[in-house]
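Novice: coords please:
(6 chains)
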6 protein chains.
Amino acid sequence: MSRIDGRTAEELRPVTIERGWSKHAEGSVLVSFGDTKVLCTASLTEGVPRWRKGSGEGWITAEYAMLPRATNTRGDRESVRGKIGGRTHEISRLIGRSLRAVVDFKALGENTIVLDCDVLQADGGTRTAAITGAYVALADAIGWAQERKLIKPKAQPLTGTVAAVSVGIVDGVPLLDLRYEEDVRAETDMNVVCTGDGRFVEVQGTAEGEPFAREELNGLLDLAVKGCAQLDGAQRSALGQ
Amino acid sequence: MSRIDGRTAEELRPVTIERGWSKHAEGSVLVSFGDTKVLCTASLTEGVPRWRKGSGEGWITAEYAMLPRATNTRGDRESVRGKIGGRTHEISRLIGRSLRAVVDFKALGENTIVLDCDVLQADGGTRTAAITGAYVALADAIGWAQERKLIKPKAQPLTGTVAAVSVGIVDGVPLLDLRYEEDVRAETDMNVVCTGDGRFVEVQGTAEGEPFAREELNGLLDLAVKGCAQLDGAQRSALGQ
Amino acid sequence: MSRIDGRTAEELRPVTIERGWSKHAEGSVLVSFGDTKVLCTASLTEGVPRWRKGSGEGWITAEYAMLPRATNTRGDRESVRGKIGGRTHEISRLIGRSLRAVVDFKALGENTIVLDCDVLQADGGTRTAAITGAYVALADAIGWAQERKLIKPKAQPLTGTVAAVSVGIVDGVPLLDLRYEEDVRAETDMNVVCTGDGRFVEVQGTAEGEPFAREELNGLLDLAVKGCAQLDGAQRSALGQ
Amino acid sequence: MSRIDGRTAEELRPVTIERGWSKHAEGSVLVSFGDTKVLCTASLTEGVPRWRKGSGEGWITAEYAMLPRATNTRGDRESVRGKIGGRTHEISRLIGRSLRAVVDFKALGENTIVLDCDVLQADGGTRTAAITGAYVALADAIGWAQERKLIKPKAQPLTGTVAAVSVGIVDGVPLLDLRYEEDVRAETDMNVVCTGDGRFVEVQGTAEGEPFAREELNGLLDLAVKGCAQLDGAQRSALGQ
Amino acid sequence: MSRIDGRTAEELRPVTIERGWSKHAEGSVLVSFGDTKVLCTASLTEGVPRWRKGSGEGWITAEYAMLPRATNTRGDRESVRGKIGGRTHEISRLIGRSLRAVVDFKALGENTIVLDCDVLQADGGTRTAAITGAYVALADAIGWAQERKLIKPKAQPLTGTVAAVSVGIVDGVPLLDLRYEEDVRAETDMNVVCTGDGRFVEVQGTAEGEPFAREELNGLLDLAVKGCAQLDGAQRSALGQ
Amino acid sequence: MSRIDGRTAEELRPVTIERGWSKHAEGSVLVSFGDTKVLCTASLTEGVPRWRKGSGEGWITAEYAMLPRATNTRGDRESVRGKIGGRTHEISRLIGRSLRAVVDFKALGENTIVLDCDVLQADGGTRTAAITGAYVALADAIGWAQERKLIKPKAQPLTGTVAAVSVGIVDGVPLLDLRYEEDVRAETDMNVVCTGDGRFVEVQGTAEGEPFAREELNGLLDLAVKGCAQLDGAQRSALGQ
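Specialist: As a prediction, the model looks like this:
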């Protein structure tokens, strides 16, 4: 059975990771998972929030947002509504946690990095593309800071790599990297964040229709681990490693 | 190895589910998981939000909040700050999705039920206690409406039962139903929402420290499934089933 | 003429004051005036707001709120609406002023106490129950701090006691401690805050229908003074004095 | 003992009521109590809020605000802070209740009148000046509507007159119509709203220092009733009655 | 062709500038351009915002607002809506920039002046009246500070004078100082801010209907320069220069 | 004298207009003026805001925003701050007015077009690039709607073309199309919006330092008219006209 875009069930969409997209940010990546395009910038500033001052440790946080017409019908701007929606909050927190999972804050020193992930065009999987791209932007910002000795050149602030992918069950079949049309039809929807060594940082599975059984969960996890491994390769290749 | 309160790793805290706590709400439950106490009310009104009118289907939504001094140090009120925090948003959405997973909206008819879960005292596991209690409040509100023929007396709006529990790895040991002190020390933290027949509605696992391996994930899921089955029993017993 | 619940015009509803309701707060009380139940917590922290630093004096403030389904029909959460309503503001300020009236800020030292009064169930008189309960929570928090020498053990931060009651004229008859059904029918509605020695801290009378005459005002004040004296007894009894 | 401006304890400040101050509003008054100047406009529109439609009854509401430099030190604008303070809320509600107390909503018909009371310069007693001025603006707006037959020319929407004054105890002496300097020194502060026939619409007394005794309350009420009677005269004279 | 109020095309409305309107503010002016009345207060405080501390330079900022019934139909309060509208923001910024253009911040020293321009009654040209009046209030506040040696008595914080006027094309004819009725009919609308020596601080021209040609722009500028020169005279005369 | 990037004073930066950038929007353009990059999308929906219903006329509005790291130092998100800044408001309004100036709303029919201009990277002239790009996105959205007969195929909703450019005086020399570094040094700064036939839609000139003289204004206008004519060519070429 072939998917709307001809992929097999276990196939990612074409992934591109374009580094140095912005001339201002310390790290910046335009990542695309098929038609999903997310601009990830990493902004590094010396110093940390007040509650962390004097600890010798750095901090990393993330903000996710969608342009109003990234989607098929225009959404109101959260700035105009005057408040951030629940979905935006939830994804921003997920991205922040995922990236912090591979950072040694002592090695980062008292520096703060903000990862901004702005969805320019959405076609499913925006949060997983954001995490995958943000990792590369983060690596570039750290490299930038090490060149300028804001971070010790021999320090290893990154303790691993991190990437994310969505998986889901559509018409009873587990699929990797859902497009929007697949996502709305999925009975179960899962986002998985893995490190490069195949361990888990986040596992978030949701029954959209019927509850799912343990074996279905297992099948989805298998698929996600394979997808993350491929994304890890794409990240390494983009970083020239 | 025994836990701070003498429980074994696989043991729940004492669970109480007190129905009919409020004289106003159509369904209301004061649920406690040890020292965690959540007041869950189910407010049923005829009619549905505009986007659902004329569909013949009902709607269920949830709001979670903590009293300012539910915790060890007082938190600012979100009403005073003028906005809802990310954590509150995230948990409100989780509760809503979890309950909707066991509802047949056709059978509910064009009625709306709002589940308010207000944490009166917190000691870890507030969201899982909220889901577990909200299910009972929901069942009571549906019963109330069936008595008054707002819902057809022979309809079955509930397609199953739902309960939730937290699990986590502390000092390398998987533990069921974490108290606050355990939660802050957990390397991995997972909230699992199950139906009474042992399937999954939500699985949310997060590495707080080291990423976690597949076998650790499996161990946590085993524990959670057992815990949810016990909570299912407590719900049935409270409902006199 | 007997009232809906069989009380005489001059009778309070059953009053209960349950101390130590919360394991976290320095002082906490669940107070009930009949079906009106308010959870009052007193949170004591060392230090004072910036404008009071170095004065040697403490500070006390209060916040009042209702759970969304404390009332017969569910109200929107103020946190969700993003702003606090006028009624909430007004009552919070009233509670704060009432408690500050019996505090010697020099004796309190540079400590801040926040009184949170959250209405769990409402049936008229929520603000008067809140003041009456908050006084006991405040006394407990001060006791807690004196045991820990955060406040000098021999200091007398409380210069008196304070309690509050509502009175009103229904069908031409002055009644003590109105239930909700009586309150909505009252021609005149008055909230009175008294000290234990029978003096006034606040008198707030409002004509809901016809303006009221001086003799009616006098009758209501007589009734309120009697009610406050009884509440003073309930407070002393709860505090074991 | 003479007051800072030479008045006796029982004397009002010079009161002026300038009608027709604004060319746009249906009724408008610049009222001054000494240096306190409040611009009161009454805006009448046909129709009522949704919850009152079809009732045949009108509605009256009020909004109070201060210009940022109405006071001795500049206050932040509430529009810039993005929220209304508790004091503003409280006074707006008081003004609305006070005016509604003398209105027959059936006679008003389905019309809405908004009373805007903007303090241009403050020197104590801004809420009482606002109520006193708003009554005259309201009377003018009703007259305007009766000339245009928006309200039946023979209807009597006003069932009485209403005025307000502050009283307080300063250095043990009850004083009428406090200036700002007196207000900050007052041990007890009371705002009283009376109808022209000497009955009460609102009585709000607050102990700023010591609680006050019944006889002190009585003395203040006597003073307030006298002051309101004089203001009633000033209103009638402004209205050419 | 004569205008609705009988003026010629090149004629200003009667302009009055009443100094010392407020007893609290360091400088205050009630300015009127015909029926447009704006209360301008200048509030001077020692010190500057954080980003300017230690620079030896002062700061000037402005806030513009309209009372709700300054206009023909009542507008909602921005404080009640909880946010400032685009027009308010735009005009506040324009006033601030215009006044800063004639200030030597070194000579002002580390003092901050806030110019509040509150429109009490509107009939077109509120922003130009505000700028014209605010200049005089600013001059008075500086004089006040020089008398008290908060600013060096021989310093010259004002490097020039500034005034503003609106011009527009109505029925093909360029008109000076538009009233509201003219403004809404104007094909092109321009606000011009000039210094006393006839140079420009701001030029803001907008085609409301057809785009405008270079010669039309030139005609409007000629008219505006003449109008500003007259306003400069009115300011000098008000200041007794 | 040559500029930082080697341009002459009268030279635009390289301009690119990439149509069809987004797969979702009815019209979309990525416009660049040198390093300034703005994504302009035109979202067309049938129907108009309530106040325009039944008029037979359409409506056009615009929203401008910057990504947080579009600039050299990261700016806070307006959605996170909970309010829109004055600059954003001002530019959104300018873009909306500029585009409406070339639209025949009768010919547009009861359709609404929202122009979203999101700055992905900023280097001066973001508002002028936004207007220039938004015109092309608007033309595409209208073409899209005419193909689908949402707008009459023979209607001419566009009555002309519109483009915008910044000009300024730097070190006494009038320059066309300022980069950020030039903009911050400019003594006078002007944004000019022209139609394709060389007339003006908006002229906004601001003295950043010294006030500017009439001849300087004239020189800047000459330069702006030339720049707009070139941008008009770039727009026509992008549209294949």
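
Novice: Residue A:62 in helix, strand or coil?
Specialist: Secondary structure assignment for residue A:62 (DSSP: H, G, I helix; E, B strand; the rest coil): strand.

Novice: my bad, residue A:224
Specialist: helix.

Novice: try the one 3 residues further on
Specialist: Classification of residue A:227 by three-state DSSP places it in helix.

Novice: Against chain F, how distant is whatever residue of chain A ends up closest to chain C?
Specialist: In chain A, the residue that lies nearest chain C is residue A:83 (6.2 Å; CB to the nearest CB). (Each C-beta comes from the backbone N, C-alpha and C, glycine too.) Going from residue A:83 to chain F by CB to the nearest CB, to the nearest Å gives 6 Å.

Novice: which one is that residue nearest to, not counting chain neighbours?
Specialist: Closest residue to residue A:83 in three dimensions, ignoring its sequence neighbours and counting by CB to CB, 6 or more residues apart in numbering or on different chains: residue B:83, at 5.6 Å.

Novice: Tell me how many other residues surround that neighbour.
Specialist: For residue B:83, the neighbour count with other CB atoms under 10 Å in any protein chain shown is 19.

Novice: For chain A, which residue gets nearest to chain D?
Specialist: residue A:82 (8.2 Å).

Novice: quick one: contacts for that residue?
Specialist: Residues near residue A:82 by CB atoms under 8 Å, 6 or more residues apart in numbering or on different chains: C:82, E:82-83, F:82-83.

Novice: so the residue in chain A sticking out farthest from the centre, which of the three states?
Specialist: Most distant from the centre of chain A: residue A:54, at 29.8 Å, with distances by CA atoms, centre = their mean. The local conformation at residue A:54, judged by three-state DSSP, is coil.

Novice: Neighbouring strands of whichever strand or helix holds residue A:192 in the sheet, and parallel or not?
Specialist: Secondary structure assignment for residue A:192, by DSSP states H and E: strand A:188-195. With DSSP bridges as the test, strand A:188-195 is paired with strand A:162-170 (antiparallel), strand A:200-207 (antiparallel).

Novice: Would you mind finding the most buried of the ones you listed?
Specialist: strand A:162-170 (a mean of 26; mean count of other CB atoms under 10 Å in any protein chain shown).

Novice: Mean confidence (pLDDT) on that one, please.
Specialist: Mean pLDDT, strand A:162-170: 97.

Novice: try stretch A:144-159
Specialist: Per-region confidence: stretch A:144-159 scores 97 on mean pLDDT.

Novice: Dump it to PDB, keeping only the CA atoms.
Specialist: Extracted C-alpha coordinates of stretch A:144-159, given in PDB (Å, rounded to 0.1, in the frame of the first residue of the first chain):
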ATOM      1  CA  TRP A 144      30.600  30.200  17.100                       C
ATOM      2  CA  ALA A 145      31.000  30.800  20.900                       C
ATOM      3  CA  GLN A 146      34.000  28.500  21.100                       C
ATOM      4  CA  GLU A 147      35.700  30.300  18.300                       C
ATOM      5  CA  ARG A 148      35.300  33.600  20.300                       C
ATOM      6  CA  LYS A 149      36.200  31.900  23.600                       C
ATOM      7  CA  LEU A 150      32.900  32.700  25.100                       C
ATOM      8  CA  ILE A 151      32.800  29.000  25.700                       C
ATOM      9  CA  LYS A 152      36.000  27.200  26.500                       C
ATOM     10  CA  PRO A 153      37.400  25.800  23.200                       C
ATOM     11  CA  LYS A 154      37.900  22.400  24.600                       C
ATOM     12  CA  ALA A 155      34.700  22.200  26.500                       C
ATOM     13  CA  GLN A 156      32.000  19.700  25.300                       C
ATOM     14  CA  PRO A 157      28.700  21.300  25.900                       C
ATOM     15  CA  LEU A 158      26.900  18.800  23.700                       C
ATOM     16  CA  THR A 159      26.800  15.400  25.300                       C
END
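
Novice: The residue nearest the centre of chain A sits in which helix or strand?
Specialist: Closest residue to the average C-alpha location of chain A: residue A:131 at 1.1 Å, with CA atoms, centre = their mean. Assessed by DSSP H and E, residue A:131 sits inside helix A:126-147.

Novice: cool, residue A:96 as well?
Specialist: Assigned by DSSP H and E, residue A:96 falls in helix A:86-100.

Novice: quick one on the thing from earlier: how distant is the strand holding residue A:192 from the center of its chain?
Specialist: From the chain centre to the centre of strand A:188-195 is a distance of 11 Å (CA atoms, centre = their mean, to the nearest Å).

Novice: Using CSV, list the CA coordinates for it.
Specialist: Output of strand A:188-195 as CSV, limited to C-alpha atoms (Å, rounded to 0.1, in the frame of the first residue of the first chain):
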residue,chain,number,x,y,z
THR,A,188,-2.8,7.0,17.1
ASP,A,189,-0.2,9.8,16.8
MET,A,190,3.2,9.7,18.5
ASN,A,191,6.2,12.0,18.6
VAL,A,192,9.5,10.5,19.6
VAL,A,193,12.7,12.3,20.4
CYS,A,194,15.8,10.2,20.3
THR,A,195,19.5,10.7,20.9
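
Novice: Residue numbers of chain A in contact with chain C?
Specialist: Residues of chain A found near chain C (CB under 8 Å from any CB of the partner chain) are A:82-83.

Novice: lowest confidence element among the helices and strands of chain A?
Specialist: Within chain A, no helix or strand scores below helix A:78-81, which has a mean of 93 by mean pLDDT, DSSP states H and E.

Novice: For that helix, what is the distance to the chain centroid?
Specialist: With CA atoms, centre = their mean, you get 24 Å for helix A:78-81.

Novice: That one near chain B at all?
Specialist: No. Using CB under 8 Å from any CB, helix A:78-81 never reaches chain B; the gap is at least 11.2 Å.

Novice: Only the buried residues of that helix, if you could.
Specialist: For helix A:78-81, the neighbour count (16 or more other CB atoms under 10 Å in any protein chain shown) marks A:78-80 as buried.

Novice: And stretch A:10-27, by the same measure?
Specialist: In stretch A:10-27, counting by 16+ other CB under 10 Å, buried: A:12-13, A:15, A:17, A:19, A:21-22, A:24-27.
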